[in-house]
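> structure of the sequence below:
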Amino acid sequence: MSYSVKEILHLEVSPALGCTEPVAIALATAAAASVIPNERPEKIEVWVDPNIYKNGLAVIIPGTGGLNGLDTAAVLGALHGDSSLGLEVLEPIDESGVKDACKYKETHQVLVNLLENHHGIYVRALLTYKKHTTEAVIETVHDNITCLTMDGKPVADSSLVKTEQAHQADVSKLEDYIKQLSLDDLVEMISDLDDDDFLFLKEGITYNMRLADYGLKHGSGLGVGLTLERLARLKILTRDMILSARIITSAASDARMGGIKLPAMSSGGSGNHGLTAILPIYAVSDFVDCDEKTLLEAIALSHLITAYVKAQTGRLSAVCGCSVAAGAGATAGVTYLMGGTTAQMAGAITNLTEDLAGIICDGAKSGCALKLATAAGTAVQAALFAIHGVNVHSTDGIIGTSPEQTMQNIGTLSTQGMIDTDRTILKIMLEKHFIAANS
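Numbering: from 1, shown residues only. You can find the predicted model right below:
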């Protein structure tokens, strides 16, 4: 089975409100609650895989005024989420809803269980009512509801499950398909973009620049973007295309990780991936002579390469996907924007991989803005190096003889080489969390 560029973009790129790991938990509890819409559960239980747990442990939930926690996400979804909105499930949340959720946690059991040996995205939500139980399961991708039951029996005619099961099948087949493609194939696909695709890609810029503008105005989260902007104004740093990419990408992450209630256009199931895949290219467009069509084609290529790398590494892993997946997409897109050849795009991907392959993912949090600043700047630098003839050799480390092999090696590193690393990261985070909770 083959896929068009439109189908790949439809499956891999979508708006997401907040970090997609706690959002997935909220979506699962909201879906389970939708079965009995006029009654509140007496108890909420959630089971999640290690990477959902890791990424959702400390990140701020949008629209909550700074609250975090997997249990908070579960309650917000169950009481006030709208499962029909998918990854924007928390859009209806307001101040009164947040207060209601906090009161619920004080008087009801909300249990979050870690499935230590489970691999791949998995969320199971079980809601207990006075006379019934409802259950929802999410697998493979963050918005893929594979099961919705009441008292152990499938809910009849559930549009949530029917649609998402089809989505799961498409995503699984897509990953198998895209793994077989070459960089040349991915570049060739962008010639098939139509007017609707261009409008969708332009919408992604609008979504993500709205976050960047907010971060720069308010200094949200860690304030990385705003600090870089100030350093440029003071002429301590030079505002070149590398710094501009770092500023807007990190500022958007500042806002998103700071819990600002604005959606990001995600890529490969991650809002931060979407920021990295889009914004460095948009920043560079101010420095080069290019038209809007070329800019949007470059962003489309970035999404395709991000999807390719994510198919190799898995949706979540011990390696920072913003660096090695969306970063690879961004550097190829920047090279395309500058008029580079496919061979130069291959060199840019190789350069970036050699530079950023060791960056770990230690969960979603405000500090992600630092990693996005690094990824964005390195994406531009790697492209510039490749265009000017600087290319890492295939004899170096994990670099392959082709860009495809290099990206496949990143997948091997993520799925085989860093399993113990991922466990150690989570162990450290859990120990910190336990100490903080008992201090």
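> rest of the way, CA atoms for contacts and neighbours
OK.
> name the nearest residue to I25, sequence neighbours excluded.
If the residues on either side of it in the chain are set aside, I25 comes closest to A74, at 5.7 Å by CA to CA, 6 or more residues apart in numbering.
> any idea how far that neighbour is from L222?
Remark: distance between A74 and L222 (CA to CA, to the nearest Å) = 25 Å.
> looking at the two, which is more packed in?
Between A74 and L222, counting by other CA atoms under 10 Å, A74 is the more crowded of the two (28 against 22).
> CA-only coordinates of the one helix or strand the more buried one maps to in CSV, if you can.
Secondary structure from DSSP states H and E places A74 in helix 70-80. Coordinates of each C-alpha in helix 70-80 appear next as CSV, following Å, rounded to 0.1, in the frame of the first residue of the first chain:
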residue,chain,number,x,y,z
LEU,A,70,-0.9,12.7,35.5
ASP,A,71,-3.7,12.5,38.0
THR,A,72,-4.7,16.1,37.4
ALA,A,73,-4.8,15.4,33.6
ALA,A,74,-7.0,12.3,34.3
VAL,A,75,-9.5,14.3,36.4
LEU,A,76,-9.7,17.2,34.0
GLY,A,77,-10.4,14.9,31.1
ALA,A,78,-13.0,12.9,33.0
LEU,A,79,-14.9,15.8,34.4
HIS,A,80,-14.6,18.5,31.8
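> contacts for the next helix-or-strand element following that helix, please.
Sequence-wise, the next helix or strand downstream of helix 70-80 (DSSP H and E) is helix 95-107. Helix 95-107 is contacted by residues G63, T64, T72, V75, L76, L79, H80 when judged by CA atoms under 8 Å, 6 or more residues apart in numbering.
> tabulate those (CSV), appending distance to R315, neighbour count and pLDDT.
Output for those, formatted as CSV (distance: CA to CA, whole Å; neighbours: other CA atoms under 10 Å; pLDDT from 0 to 100):
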residue, distance to R315, neighbour count, pLDDT
G63, 25, 22, 90
T64, 26, 21, 93
T72, 23, 22, 96
V75, 25, 27, 98
L76, 24, 31, 98
L79, 28, 23, 97
H80, 27, 22, 97
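> just the residues you listed now: which is nearest I278?
Using CA to CA, G63 comes nearest to I278 of the contacts of helix 95-107, at 24.1 Å.
> does that closest one touch P92 like I think?
No. Using CA atoms under 8 Å as the test, G63 is too far from P92 to be in contact (9.4 Å).
> would you map the helices across the stretch 101-250 of the chain?
159-179, 183-189, 195-218, 224-233, 241-257 (DSSP state H, counting those that start in this stretch).
> then the stretch 251-400 of the chain?
With DSSP H, counting those that start in this stretch as the criterion, the stretch 251-400 of the chain has helices at 271-285, 292-313, 321-324, 326-337, 342-356, 368-387.
> so which of those is the most packed in?
For the helices of the stretch 251-400 of the chain, the largest average neighbour count (mean count of other CA atoms under 10 Å) is found in helix 326-337, namely a mean of 34.
> how big is the angle separating it from helix 292-313?
Orientation check (axes from the mean of the first three to the mean of the last three CA atoms, to 10 degrees): helix 326-337 against helix 292-313 gives 150 degrees.
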